[in-house]
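Participant: coordinates only, no sequence provided:
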């Protein structure tokens, strides 16, 4: 700082756009976003449960919704968000215990979170369709 | 009283209770981790249960969800997950919402939503189990 400004002009800490985006940063953001998604996604779970408790008619509505393309997409997204948040959570628990902070370990854990959630989501859906006899 | 000690600006009570500026110490952090750990096996179990429901009709689904072991796992899952998401959303609101009135409204809405969703789910599972 060359110029001397008024005393109220306090230095600001650098904001988000100043940093180069990294995978660990993106995964940190993804952890929050998937958390928010799961928060509202519980409505689907509750809908299924209350419909099952209400009777065949109410349950037919849930089944109809989940059979639509939109329903399928929501459910697919919910599956991925759940698994991603779970793997991200395990990563955070590892960090909480004080492990995995080295540059290589940190990156490895982050890639494993993403690869694990994507792979398992696809695998679960494959098994799901198998169970429903769609293959 | 020693004025220049560390934490000298804290009240004597504050120094003893040791809860810090958030007034709740590490309780929020700890409960989030506690429910996080509980959520891992419960989520795996619920995924297995839900996949077992695929392609079944209402009567079969109601019977599976109402059976004791499944109902207990579902109840534990609901309680742990709802508490975890309530804590998580509270943290998100506190991080990003800076206006005091809106923050209070959203914190209340978070509690109402979580309690409503949790109560509905618990009621549904008990209803399926006991056929009330």
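Facilitator: Yes, it's here. Computed from a predicted structure; not experimentally measured.
Participant: low-confidence ranges in the chain?
Facilitator: Picking chain A for this. For chain A, applying pLDDT under 70 flags the ranges A:1-8, A:134-135.
Participant: switch to chain B, that's the one I care about
Facilitator: B:1-8, B:21-22, B:132.
Participant: near chain A, which residues of it?
Facilitator: B:33, B:36-37, B:39-40, B:43, B:47, B:51, B:54-55, B:57-59, B:61-62, B:65, B:74, B:81-82, B:85, B:88-89, B:92, B:117, B:120-121, B:123-125, B:127-128 (C-beta under 8 Å from any C-beta of the partner chain). For the C-beta atoms, the positions are set from N, CA and C on the backbone; glycine is no exception.
Participant: longest helix in chain B, please.
Facilitator: Using DSSP state H, we find that the single longest helix of chain B is helix B:100-130.
Participant: which neighbouring elements make contact with that one?
Facilitator: Counting contacts by 3 or more C-beta pairs under 8 Å, 6 or more residues apart in numbering or on different chains; DSSP states H and E, helix B:100-130 packs against helix A:23-54, helix B:58-66, helix B:68-96.
Participant: closest one to residue B:13 among those?
Facilitator: Residue B:13 lies closest, by C-beta to C-beta, to one member of the helices and strands packed on helix B:100-130: helix B:68-96, at 24.2 Å.
Participant: elements contacting the closest one?
Facilitator: By 3+ C-beta pairs under 8 Å, 6+ apart, helix B:68-96 packs against helix A:23-54, helix B:27-53, helix B:58-66, helix B:100-130.
Participant: mind running it again at 10 Å?
Facilitator: Here helix B:68-96 touches helix A:23-54, helix A:69-96, helix B:27-53, helix B:58-66, helix B:100-130, going by 3 or more C-beta pairs under 10 Å, 6 or more residues apart in numbering or on different chains; DSSP states H and E.
Participant: got the ones you listed as CSV, with distance to residue A:110 and mean neighbour count columns?
Facilitator: Shown next, in CSV, are the helices and strands packed on helix B:68-96 (distance: least, C-beta to C-beta, whole Å; neighbours: other C-beta atoms under 10 Å in any protein chain shown):
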stretch, distance to residue A:110, mean neighbour count
helix A:23-54, 5, 18
helix A:69-96, 7, 17
helix B:27-53, 18, 16
helix B:58-66, 36, 18
helix B:100-130, 29, 16
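Participant: nearest to residue A:113, of the ones you listed?
Facilitator: That would be, of these and by C-beta to C-beta, helix A:69-96, which comes in at 4.4 Å.
Participant: following that closest one, which helix or strand shows up next?
Facilitator: For helix A:69-96, the following helix or strand on the C-terminal side (DSSP states H and E) is helix A:103-131.
Participant: quick check, that next one touching chain B?
Facilitator: Yes. Contact between helix A:103-131 and chain B is present through A:120, A:124, A:127, A:128, A:129, A:130, A:131 (criterion: C-beta under 10 Å from any C-beta of the partner chain).
Participant: filter those residues down to the buried ones and hand me the PyMOL line.
Facilitator: This is how PyMOL selects the buried members of those, with burial counted by 16 or more other C-beta atoms under 10 Å in any protein chain shown:
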select buried, chain A and resi 120+124+128
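Participant: out of the residues of helix A:103-131 next to chain B, who's nearest chain B?
Facilitator: Comparing those against chain B with C-beta to the nearest C-beta places residue A:131 closest, at 4.8 Å.
Participant: shouldn't the closest one be in contact with residue B:55?
Facilitator: Yes. Residue A:131 is within contact range of residue B:55, at 6.3 Å (criterion: C-beta atoms under 10 Å).
Participant: right, and residue A:38 touches residue B:117 too?
Facilitator: No. With contacts defined as C-beta under 10 Å, residue A:38 does not count as touching residue B:117, sitting 11.6 Å away.
Participant: for the helices and strands packed on helix B:100-130, could you give me JSON lines that also reports distance to residue B:109?
Facilitator: Listed next are these as JSON lines, based on distance: least, C-beta to C-beta, whole Å:
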{"stretch": "helix A:23-54", "distance to residue B:109": "12"}
{"stretch": "helix B:58-66", "distance to residue B:109": "29"}
{"stretch": "helix B:68-96", "distance to residue B:109": "9"}
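Participant: thanks a lot, see you next time.
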